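Engineer: predicted model and sequence below, questions to follow.
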Amino acid sequence: MTPSIDLDDTSAQSARRAVADQRHAIWQRIDNMSSTTGTCKCSLGRVRSRWFTLRRRMPLRAEDIHDFYEECYSAGPQSAKWSNWRELGAVTKANHIATLIERGAIQAPNVVLEVGCGDGAVLRELGRRKIGGTRIGLDISSSAVRLASARAEIARARVFDGRHISAADGEYDLAVATHVLEHVPEPDMLLREVLRVARAAIIEVPLERNVSARRRTARAASEAAGHLHRFTAGNIRGMIAGAGWRVQSEIFDPLPPAVHTFGRETFAEKATGYAKWAIRAALAASPALGQRIITLHYAVIAIPGFRRSPTELRGPQGDPAQPPRP
């Protein structure tokens with residue numbers, strides 16, 4: 001399995017080998033944890049079994065990833081709970097998308113593509129807000145695509161290989177990829193494809209290169225959710241700049257209290273969730289510091305690094321974002 005390496009690490013193969021033993025130890029400890037985590041989308045037991053097997057395979061095979069997400073979107077004893085979790089997350093993601101469209105000063109998109117659409121929760125939320133006249137989803141999981149296709153707000157959804165998008169350059173007014181890049185073996189390749197087929201793009205990832213995310217339980221939960229990479233905001237800006245695009249606007253979000261209290265039933269558990277939110281909200285006031293300490297969710301709207309035409313693009317023109325320092 002591809003390890004959680006930093007994007008600016010130039011010795012990826014060496015890092016994979018070095019992390020293998022550490023990851024084995026992590027999964028040994030996960031065996032002693034509860035059967036689910038606060039961020040996993042399906043049964044931790046099933047996920048653990050799958051990723052414990054995948055850990056031994058280098059490089060990670062496309063069919064392995066496909067099988068993992070087929071399990072995550074298949075019916076199970078906790079499928080209703082995690083469907084509710086995805087619906088909750090979709091509201092926050094749609095909030096970010098709506099805000100970034102306004103801040104990015106682009107025309108209201110007509111055709112919207114979501115790459116990694118999952119069960120279509122985000123596209124449905126966009127439909128409720130009348131964002132996009134035609135909404136299309138792509139995902140590697142056929143189970144997820146079946147769920148997305150059943151939603152009235154989605155024109156069509158189809159399976160893709162997770163790397164290549166069958167579409168012409170600039171075919172879509174807006175492409176969206178929220179919490180996708182951390183799940184794929186080659187995020188830079190997929191990002192370039194997302195940008196290629198769009199006239200504007202919104203990207204969102206969790207920023208997990210921080211003190212809090214290094215905790216044992218945090219790393220275990222991240223891996224159980226299928227995260228293969230950890231990013232900083234600079235990593236994302238650098239990859240976008242490397243593709244010849246630039247960031248028009250960005251959001252650093254600690255996420256609302258409802259996310260941090262999800263699944264917490266007792267008063268004490270809910271109080272802990274609210275305390276967690278309050279700390280994150282305070283740190284998010286200074287994103288440069290906050291992202292070093294806790295996990296913030298980072299969303300950006302990106303546009304090509306050149307002007308198209310006054311009718312297609314409005315807003316300030318600046319130099320492309322600089323890539324992160326090593």
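Structural biologist: Received it, and whenever you're ready, just let me know what you need.
Engineer: strands of the protein, start to end?
Structural biologist: Assigned by DSSP state E, the chain shows strands spanning 5-6, 111-115, 134-139, 156-159, 174-178, 201-207, 229-230, 245-253, 296-304.
Engineer: and those strands, which is most packed in?
Structural biologist: Stretch with highest mean neighbour count among those: strand 174-178 (a mean of 28; mean count of other Cβ atoms under 10 Å). To be clear about C-beta, it is placed using only N, CA and C from the backbone, and glycine gets the same treatment.
Engineer: in contact with the closest residue to Glu125 other than its chain neighbours, which residues?
Structural biologist: Once flanking residues are discounted, Glu125 sits nearest to Ala94: 3.9 Å by Cβ to Cβ, 6 or more residues apart in numbering. Ala94 sits next to 122, 125-126, 129, 131 when contact means Cβ atoms under 8 Å, 6 or more residues apart in numbering.
Engineer: got the residues you listed as TSV, with distance to Glu102 and neighbour count columns?
Structural biologist: Formatted as TSV, these follow (distance: Cβ to Cβ, whole Å; neighbours: other Cβ atoms under 10 Å):
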residue	distance to Glu102	neighbour count
Val122	17	30
Glu125	16	21
Leu126	14	25
Arg129	12	13
Ile131	11	20
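Engineer: dump the residues you listed to a markdown table, plus pLDDT and distance to Val247.
Structural biologist: What follows is those, written out as a markdown table (pLDDT from 0 to 100; distance: Cβ to Cβ, whole Å):
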| residue | pLDDT | distance to Val247 |
| --- | --- | --- |
| Val122 | 97 | 20 |
| Glu125 | 97 | 23 |
| Leu126 | 98 | 21 |
| Arg129 | 96 | 23 |
| Ile131 | 97 | 20 |
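Engineer: what's the closest of those to Ala258?
Structural biologist: Using Cβ to Cβ, Glu125 is the member of these that lies nearest Ala258, at 14.2 Å.
Engineer: which ones are touching that closest one?
Structural biologist: Neighbours of Glu125 in contact, by Cβ under 8 Å, 6+ apart: 90-91, 93-94.
Engineer: Leu126 reaches Leu113, doesn't it?
Structural biologist: No. The criterion here is Cβ atoms under 8 Å, and Leu126 misses it with Leu113 at 11.2 Å.
Engineer: and Ala150, how far from Asp119?
Structural biologist: 9 Å (Cβ to Cβ, to the nearest Å).
Engineer: who's more crowded, those two?
Structural biologist: Asp119 (28 against 11; other Cβ atoms under 10 Å).
Engineer: let me see the backbone angles for the more buried one.
Structural biologist: phi -80, psi 10 (degrees, to the nearest 10).
Engineer: what about it, distance to Asn110?
Structural biologist: For Asp119, the distance to Asn110 - Cβ to Cβ - is 24 Å.
Engineer: with only the CA atoms kept, save stretch 156-169 in PDB.
Structural biologist: This file holds the C-alpha atoms of stretch 156-169, laid out as PDB (Å, rounded to 0.1, in the frame of the first residue of the first chain):
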ATOM      1  CA  ARG A 156     -25.800  11.100 -14.800                       C
ATOM      2  CA  ALA A 157     -23.100   9.300 -12.900                       C
ATOM      3  CA  ARG A 158     -20.600   6.800 -14.300                       C
ATOM      4  CA  VAL A 159     -17.600   4.800 -13.200                       C
ATOM      5  CA  PHE A 160     -14.100   5.800 -14.200                       C
ATOM      6  CA  ASP A 161     -10.600   4.400 -13.500                       C
ATOM      7  CA  GLY A 162      -9.600   7.100 -10.900                       C
ATOM      8  CA  ARG A 163      -6.900   8.500 -13.200                       C
ATOM      9  CA  HIS A 164      -8.200   9.500 -16.600                       C
ATOM     10  CA  ILE A 165     -11.400  11.500 -17.300                       C
ATOM     11  CA  SER A 166     -13.000  10.800 -20.700                       C
ATOM     12  CA  ALA A 167     -13.800  14.400 -21.700                       C
ATOM     13  CA  ALA A 168     -12.500  17.200 -23.900                       C
ATOM     14  CA  ASP A 169     -10.400  20.000 -22.600                       C
END
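Engineer: quick check: mean pLDDT across it?
Structural biologist: Mean pLDDT, stretch 156-169: 94.
Engineer: what comes into contact with it?
Structural biologist: 62, 65-66, 113, 115, 117, 120, 136-142, 145, 148-149, 184, 186, 189-190, 193-194, 196-197.
Engineer: and for stretch 145-153?
Structural biologist: By Cβ under 8 Å, 6+ apart, stretch 145-153 touches 73, 117-120, 123-124, 126-128, 135, 137, 139, 154, 156-159.
Engineer: tell me how far it lies from the chain's centre.
Structural biologist: How far stretch 145-153 lies from its chain's middle: 20 Å, per Cα atoms, centre = their mean, to the nearest Å.
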